[in-house]
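# Return a 3D structure for these sequence lines:
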Amino acid sequence: MSQDEYFMSICLDLAQKAAGQTAPNPLVGAVIVADGEIVGRGHHERAGLPHAEPNALVAAAERAKGATLYVNLEPCSHYGRTPPCADAVIAAGIKRVVVGVQDSNVKVNGGGIARLREAGIDVTVGVLADQCRYLNRGFFRVMECGLPWVELKMACTLDGRIADQSGRSRYITAAAALERVQKLRRECDAIMVGAATARLDDPSLTVRDGLPISRQPRRVVVDPHLTLDEKAKIFDGQSDTFIFSLPSATGIKPDKAEFMPLKIREDGGYDLKDCLATLAAKGVRRLLVEGGGVLAGALLDANLVDQIYWFMAPKMLVSSGSRPVLASDKGRSLDDIVELEEVRYEQVLPDLLVTGYCKGRKQFLEQPLLKS
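Predicted structure coming up:
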């Protein structure tokens, strides 16, 4: 590992501290190095608060002059809730800037790098680029595709069942798997479930890992016919709740939720892509989908899933009346099978976790980046 890569890895660790808390902004960490020593560190904690670069500059104080700044994302060059970071870097007298990846936000998109170079600062771009892009995969997905990065989490028995014939599903997997899910929840901006899961499980869809959290993920339910009880846990006010329902639905609409129209595609199916675009406009960058089988199947059918976390418990229901992990009316052949890339297997004892990208998504993360 080179010196630039070493300090960039520290930026990534700093940025990760705020996972799930910065949306719609990206995760950013910065370090300032003088004579091989870190003299300032900083990360972006939450939208509206100072960015990583100013935080690191404050920590470095006078030692920033003539030093090198490392940051995993290009410094911004526009006025938003805070002033441009590029201007602060120039004013501090930084001599060299090492950037992980260029910001694809149209308001930046190379503008920060250009401004630094115009000021005579030596700029290197592309250090640990793949890792930097992966860290902010939700941000880049929205900036470049208009949709959040969708992570599908499912838990099933060895015979592919998620609930018994009465609909009871708690808990198929063991404590270690449940703890892992809490980590996934902490890092996402919103959690989505289908109406059946919301009715049968009455989930709170919150982070409950015992650690402090400044903002809970938003809760999203696809409930076409407004079938949820107003006393459901998702209406408890712990976080924003979004309900996608048909305009013709006449069910209860609790005040503690925001109701959004669920559109119908020309083929008669629900337009889940439009739902995702709406969530992106609401600031959601990483969306965790926790089922059930109908919603998961519909998202896979529409090629809207980017990454999969598939937990399998060493159990079998062996019941034709139990609920399958996926439900779809689409008749697939082996020629149209859903394939995963970069598949990994991990023992989360006593369960097994299979992770991977849906085909083509790894290429999105590795697309050519500006390097110089």
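# gap between residue 126 and residue 113?
11 Å (C-beta to C-beta, to the nearest Å). Yep, even glycine has a C-beta here, placed from its N, CA and C like the rest.
# what's the neighbour count on the closest residue to residue 11 other than its chain neighbours?
In space, and not counting its chain neighbours, residue 11 is closest to residue 29: 4.0 Å by C-beta to C-beta, 6 or more residues apart in numbering. When neighbours are defined as other C-beta atoms under 10 Å, residue 29 has 30 of them.
# Please apply the same query to residue 135.
Counted with other C-beta under 10 Å, residue 135 comes out at 24.
# On the pLDDT front, check it for me.
Residue 135 carries a pLDDT value of 97.
# Residue 14 belongs to a strand, doesn't it?
No - using DSSP: H, G, I helix; E, B strand; the rest coil, the assignment for residue 14 is helix, not a strand.
# outside of the helix or strand hosting residue 42, which residues touch it?
Using DSSP states H and E, the element containing residue 42 is strand 37-43. Identification of contacts with strand 37-43 by C-beta atoms under 8 Å, 6 or more residues apart in numbering yields 7, 10, 14-15, 17-18, 27-33, 50, 52-61, 63-64, 67.
# Could I get the buried residue list for that strand?
For strand 37-43, burial by neighbour count (16 or more other C-beta atoms under 10 Å) applies to 38, 39, 40, 41, 42, 43.
# Quick one: name whatever helix or strand follows it.
Scanning forward in sequence from strand 37-43 by DSSP H and E, the next helix or strand is helix 52-60.
# what pLDDT, on average, does that following helix get?
Mean predicted confidence for helix 52-60 is 97.
# The next helix-or-strand element following it - which strands sit beside it in the sheet, and in what orientation?
Counting by DSSP H and E, the next helix or strand C-terminal to helix 52-60 is strand 68-73. Sheet pairing for strand 68-73, assigned by DSSP bridges, gives strand 29-34 (antiparallel), strand 96-101 (parallel).
# Which is the succeeding secondary structure element to the last one?
This points to strand 96-101. Using DSSP H and E, the helix or strand that follows strand 96-101 towards the C-terminus is helix 111-118.
# could you dump the helix or strand that that following helix is followed by to PDB, C-alpha only?
From helix 111-118 onward toward the C-terminus, using DSSP H and E, the following helix or strand is strand 122-125. Output of strand 122-125 as PDB, limited to C-alpha atoms (Å, rounded to 0.1, in the frame of the first residue of the first chain):
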ATOM      1  CA  ASP A 122      -1.200  19.900  -7.200                       C
ATOM      2  CA  VAL A 123      -4.200  17.600  -7.400                       C
ATOM      3  CA  THR A 124      -4.100  13.800  -7.700                       C
ATOM      4  CA  VAL A 125      -7.400  12.000  -8.500                       C
END
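# Return the set of buried residues in whatever helix or strand comes next after strand 122-125.
Next in sequence after strand 122-125, counting helices and strands by DSSP H and E, comes helix 129-135. Residues of helix 129-135 classed as buried by neighbour count (16+ other C-beta under 10 Å): 129, 131, 132, 133, 134, 135.
# Reformat those residues as CSV; add distance to residue 270.
Formatted as CSV, the buried residues of helix 129-135 follow (distance: C-beta to C-beta, whole Å):
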residue, distance to residue 270
129, 37
131, 36
132, 35
133, 31
134, 30
135, 32
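# biggest separation within those residues, which pair?
Distance extremes for these: the farthest pair is 129 and 135 at 10.8 Å, using C-beta to C-beta.
# Now list whatever residues contact both of these two.
In contact with both residue 129 and residue 135: no residue, using C-beta under 8 Å, 6+ apart.
# residue closest to the middle of this structure?
Closest to where the C-alpha atoms of the chain average out (C-alpha atoms, centre = their mean) is residue 286, at 2.2 Å.
# Skipping adjacent residues, who's closest to that one in space?
residue 138 (3.6 Å).
# Run a quick neighbour tally on that neighbour.
So residue 138, with other C-beta under 10 Å, has 26 neighbours.
# Quick check: buried residues in the helix or strand where it lies?
Secondary structure assigned from DSSP H and E places residue 138 in helix 137-145. Neighbour counts over helix 137-145 (16+ other C-beta under 10 Å) mark 137, 138, 139, 140, 141, 142, 143 as buried.
# give me every residue that touches the fifth one.
Right, the one you point to is residue 141. Residue 141 touches 147, 148, 149, 285, 306, 364, counting by C-beta under 8 Å, 6+ apart.
# From the contact counts, what lies against the lowest-mean-pLDDT helix or strand in the chain?
The helix or strand of the chain with the lowest confidence, counting by mean pLDDT, DSSP states H and E, is helix 361-365 at a mean of 87. Other helices and strands packing on helix 361-365, by 3 or more C-beta pairs under 8 Å, 6 or more residues apart in numbering; DSSP states H and E, are helix 129-135, helix 137-145, strand 340-348.
# Export the ones you listed as TSV, with columns for distance to residue 98.
Converted to TSV, those look like this (distance: least, C-beta to C-beta, whole Å):
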stretch	distance to residue 98
helix 129-135	11
helix 137-145	19
strand 340-348	27
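# Buried only: go through the contacts of residue 141 for me.
Buried subset of those (neighbour count, 16+ other C-beta under 10 Å): 147, 148, 149, 285, 306, 364.
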